[in-house]
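*Asks:* Dropping a prediction and its sequence here:
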Amino acid sequence: MLEIKNLHVSIDDKPVLNGVDLKINSGEVHAMMGPNGAGKSTLTNVIMGHPKYTITQGDILFNGKSILDLEPHERSLMGLFLAFQHPKEIGGITLEEFLLAAYRAKQKHLHPDNPPVLVFRFKKMLKELMEKFKMEKKFASRYLNQGFSGGEKKKSEMLQMAVLKPSLAIMDETDSGLDVDALKAVCDGIQQVQRDSEKPMGVLMITHYQRILKHLEPDHVHVLKDGKIIQSGGKEFAHELEKNGYENL
Ligand code: ADP
Ligand code: MG
């Protein structure tokens with residue numbers, strides 16, 4: 001589904017990714033680990049089309065086609081989703097209004113001839129999803145992420161994922177800052193989306209910790225260091241990494 005080929009990326013002429021190759025098939029869970037500053041967030045931002053980065057070499061294919069010329073919203077409509085490491089607070093728009101707009105845009109893309117989704121239907125769906133993520137109803141009427149705690153912001157990202165039902169969800173340290181219950185709720189939510197989707201959702205999970213991988217078993221674990229994937233393995237590889245660190249790789 002996603003194929004990254006020999007990707008080289010610079011920011012302000014400084015090379016950050018130095019030849020990344022990665023393939024993710026439908027339904028696969030990939031964990032990406034690695035030290036701070038390795039380029040993990042850069043990789044996620046580049047997949048989504050952040051304009052700040054310059055791709056100097058290589059390509060990113062989604063369902064066999066290069067997506068490098070597409071805008072972020074076009075990539076989103078194709079089925080890519082990124083949960084940010086640091087979700088932004090946006091005043092003036094409520095979480096519910098934001099999600100409704102995103103949902104309608106996606107539905108319009110999927111079914112151009114259908115009338116817009118009715119608000120009451122959307123509200124019903126949102127209420128059920130919020131219950132799954134153990135979010136209080138009042139969050140829907142608050143401004144997007146404003147004053148949300150770190151864990152609440154991560155849940156708000158997961159809610160957006162559940163509304164959009166992407167074919168590939170990229171999560172940048174979604175587990176950081178979550179307490180045990182919130183982590184469980186988020187993982188349950190992800191698995192729910194995987195079950196609800198027609199085609200099994202792929203996941204690229206950036207993480208430092210083994211604990212989320214207990215709930216969400218990875219098929220592949222990779223280490224990104226100095227802008228390159230230096231080693232890959234199965235789920236047991238994550239245990240080793242947590243125990244031994246990245247120094248000796
Ligand atoms: P990670 O997510 O693995 O911790 P990042 O992708 O955030 O790493 O950063 C990789 C490198 O790119 C770091 O050296 C970082 O300082 C640099 N970098 C990231 N974003 C920017 C930016 N906007 N401007 C300049 N340098 C950046
Ligand atoms: Mg990062």
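*Replies:* Perfect, I can see it now. Residues are numbered from 1 along each chain as shown. Ligands and ions are numbered 1, 2, ... in the order given.

*Asks:* Grab the most central residue of this structure for me.
*Replies:* Nearest to the geometric centre of the chain sits residue 170, at 2.4 Å (C-alpha atoms, centre = their mean).

*Asks:* partners of whatever helix or strand it lives in in the sheet?
*Replies:* Using DSSP states H and E, residue 170 maps to strand 168-172. Using DSSP bridges, the strands paired with strand 168-172 in its sheet are strand 80-83 (parallel), strand 202-206 (parallel).

*Asks:* what does that strand contact?
*Replies:* The contact list for strand 168-172, computed with C-beta atoms under 8 Å, 6 or more residues apart in numbering, reads 1-2, 24, 40-41, 44, 47-48, 62, 79-85, 157, 161, 190, 193, 201-207. From N, CA and C alone the C-beta is placed, and that goes for glycine too.

*Asks:* Strands of the protein, start to end?
*Replies:* Per DSSP state E, the chain carries strands over the ranges 2-11, 14-24, 29-33, 54-62, 65-66, 80-83, 90-94, 143-144, 168-172, 202-206, 220-225, 228-233.

*Asks:* Contacts for the longest one, please.
*Replies:* The set of residues external to strand 14-24 that reach it, using C-beta under 8 Å, 6+ apart, is 1-10, 30, 39, 42-43, 46, 53, 56-58, 168, 202, 204, 222, 224, 226-229.

*Asks:* quick one on the thing from earlier: roughly how far apart are the residue nearest to the centre of the chain and ligand 2?
*Replies:* 12 Å (C-beta to the ion, to the nearest Å).

*Asks:* Pairing partners for that residue in the sheet, please.
*Replies:* Going by DSSP bridges, residue 170 forms beta bridges with residue 82, residue 204.

*Asks:* list the contacts for the residue lying closest to residue 197 once chain neighbours are set aside?
*Replies:* Distances taken as C-beta to C-beta, 6 or more residues apart in numbering put residue 165 closest to residue 197, at 5.3 Å, once the chain neighbours are dropped. Contact analysis of residue 165 by C-beta under 8 Å, 6+ apart lists 106, 193, 196, 197, 201.

*Asks:* try residue 229
*Replies:* By C-beta under 8 Å, 6+ apart, the contact set of residue 229 is 20, 21, 22, 222, 223.

*Asks:* just the buried members of the residues you listed?
*Replies:* 20, 22, 222, 223 (16 or more other C-beta atoms under 10 Å).

*Asks:* want to throw those into a markdown table with distance to ligand 1?
*Replies:* Shown next, in a markdown table, are these (distance: C-beta to the nearest ligand atom, whole Å):
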| residue | distance to ligand 1 |
| --- | --- |
| 20 | 11 |
| 22 | 14 |
| 222 | 12 |
| 223 | 11 |
